[in-house]
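Asks: Quick one: sequence and predicted model below, then my questions.
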Amino acid sequence: MLDRREFLKLAATLSTAFGITNLPEPVSAALKKLDPKSIPKLIYLQGQSCTGCSISLLQAESPSAATMITKYSQLAFHADLSAISGKKALELIDSFISGQAGEYILAVEGAIPYKKPEACMIGHKTFAQHLEEASRTMTAAVAIGACACDGGIPSAEGNLTGAIGLKEFYAKKNIEKLVVNIRGCSVHPDWVWHTIVHLVKIGLPDLTETGSPSLFFSKNVHENCPRYHDFQQEIFAKKLGDKGCLFKLGCLGPQTDADCPSRWWNSGQTWCIDANAPCIGCASPLFAKKRDLPFYRIASQG
Ligand code: SF4
Ligand code: SF4
C-alpha cells in the first residue's frame, strides 16, 4: 500500500509523464467540475464482455489493484467485485445515474448491442438505457477494452446484436461526452489505472486521434519490436516457436500502436512476441473487424 507521500510522488511522476494538454470543449467544462479535494467515485458497468479486462485489472502491481479500488479510484460499484448485489446494487447504480449520489466517472467494459438492446440487461433496463441516462450525469467515461472502445469480438463478422463501442453509441444518440478509449483484449492494468489516476488527480491526458492516452498508444508495436531487425533482414518464422519475425504468421504489429514492447505484461515477465505469439492487434481500433485477424484463419489456409 502506498502512503500519501508515495502517492503524491506517483501523481507527480505521472503528471510529468503524461503532460497536461489544453482541454477541448465540452470536455474542459466537464472536468472542471471535479473537486480536487475529493476523488470522484467510479461506477463500473459491464455489457457484452467476457470480464477478461476486469480480471486483467486485478493484476495491477504498483499501485496494487486493492489500493486503486479502495483508496484512489473509490470504486463504488463493480458487478464482480462489489459485495452488494440484487436490488441494492440496482438502487446504487440508479442513485449515481440519476445524479443523486454526486460526481462520478463511468467505466464501461463490453460492447453495446445496438440492434438488440435487450440482449444485455442490467436489472429492468437495457445496458444501452443505463449508458444513455448516465451521459447526462457523469463527468467522463472510460471505455475499457476492445469491446467497449470499438465493439471488439462481439462486433466481429456476423455481429447479430449490432455490437458497437461506447463512442459510436453516443455518436448515434447525438450525445457529446468525453470518452477515453483504452483498447486491448484484454487491457493492460497500467493503461487503465494510470489513466484513471490522471483523470481524477491531474486532468485529461493527451489523447491520440482515436481517443486513447498517447503515453501508451502512440508507438507502433512493429517499429519497436525486438524482431524488427529480422523483418528487415527477411528472416521470417515459418511456424510458431521458430526464431525470426512473425509477420508471415499473421503478426499485426505493423498496424498496431501500443507500448507492449517496452511495458511488457504479467508484471513485466513477458509479452506476446516474447512468448512467440504474433501480435493480434488487440489494441488497434480494427481489432476483430478484419478477416486477416489470425483468430479467423483455419489451419489449412496457413
Ligand atoms: S514479429 Fe511482428 S511486430 Fe515484430 S517485427 Fe515481425 S511483424 Fe513486426
Ligand atoms: S502485442 Fe499486440 S496483441 Fe499483444 S497485447 Fe500488445 S497490442 Fe495486444
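Replies: Alright, I've got the coordinates. Ligands and ions are numbered 1, 2, ... in the order given.
Asks: contacting residues around the closest residue to residue 235 other than its chain neighbours?
Replies: Using C-beta to C-beta, 6 or more residues apart in numbering and skipping the chain neighbours, the partner closest in space to residue 235 is residue 244 (4.3 Å). From N, CA and C alone the C-beta is placed, and that goes for glycine too. Contact analysis of residue 244 by C-beta atoms under 8 Å, 6 or more residues apart in numbering lists 227, 230, 235-237.
Asks: Over to residue 107?
Replies: Residue 107 sits next to 42-45, 141-142, 144, 196 when contact means C-beta under 8 Å, 6+ apart.
Asks: Mind checking which of the contacts of residue 244 are buried?
Replies: 227, 230, 236-237 (16 or more other C-beta atoms under 10 Å).
Asks: ok and the residue in the stretch 151-300 of the chain nearest ligand 1?
Replies: Residue nearest to ligand 1 within the stretch 151-300 of the chain: residue 253 (2.3 Å; C-beta to the nearest ligand atom).
Asks: ok, now which ones touch that residue?
Replies: Here residue 253 is in contact with 220-222, 225, 246-247, 273, 278-279, 281 (C-beta under 8 Å, 6+ apart).
Asks: so which of those also contact ligand 1?
Replies: Counting by C-beta under 6 Å from any ligand atom, 221-222, 225, 246-247, 273, 279 from the contacts of residue 253 sit close to ligand 1.
Asks: follow-up on the earlier one: out of the contacts of residue 253, who has the most neighbours?
Replies: Tallying neighbours with other C-beta atoms under 10 Å puts residue 281 at the head of the contacts of residue 253, with 28 neighbours.
Asks: What are the phi and psi values at it?
Replies: Dihedral angles of residue 281 (phi, psi; degrees, to the nearest 10) stand at phi 70, psi 30.
Asks: Relative to ligand 2, how far out is it?
Replies: Using C-beta to the nearest ligand atom, to the nearest Å, residue 281 is found at 6 Å from ligand 2.
Asks: Surely that residue and residue 289 touch.
Replies: No: using C-beta atoms under 8 Å, residue 281 makes no contact with residue 289, being 9.5 Å away.
Asks: Show me where the protein has its helices.
Replies: Secondary structure of the chain (DSSP state H): helices located at 4-18, 27-32, 52-57, 65-67, 86-97, 127-134, 146-150, 166-172, 189-197, 214-217, 228-232, 260-263.
Asks: would you turn those helices into JSON lines with mean pLDDT and distance to residue 104?
Replies: Putting those into JSON lines (pLDDT from 0 to 100; distance: least, C-beta to C-beta, whole Å) gives the following:
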{"stretch": "helix 4-18", "mean pLDDT": "42", "distance to residue 104": "20"}
{"stretch": "helix 27-32", "mean pLDDT": "49", "distance to residue 104": "12"}
{"stretch": "helix 52-57", "mean pLDDT": "94", "distance to residue 104": "18"}
{"stretch": "helix 65-67", "mean pLDDT": "80", "distance to residue 104": "19"}
{"stretch": "helix 86-97", "mean pLDDT": "96", "distance to residue 104": "5"}
{"stretch": "helix 127-134", "mean pLDDT": "98", "distance to residue 104": "8"}
{"stretch": "helix 146-150", "mean pLDDT": "98", "distance to residue 104": "17"}
{"stretch": "helix 166-172", "mean pLDDT": "98", "distance to residue 104": "15"}
{"stretch": "helix 189-197", "mean pLDDT": "87", "distance to residue 104": "12"}
{"stretch": "helix 214-217", "mean pLDDT": "94", "distance to residue 104": "24"}
{"stretch": "helix 228-232", "mean pLDDT": "98", "distance to residue 104": "43"}
{"stretch": "helix 260-263", "mean pLDDT": "96", "distance to residue 104": "28"}
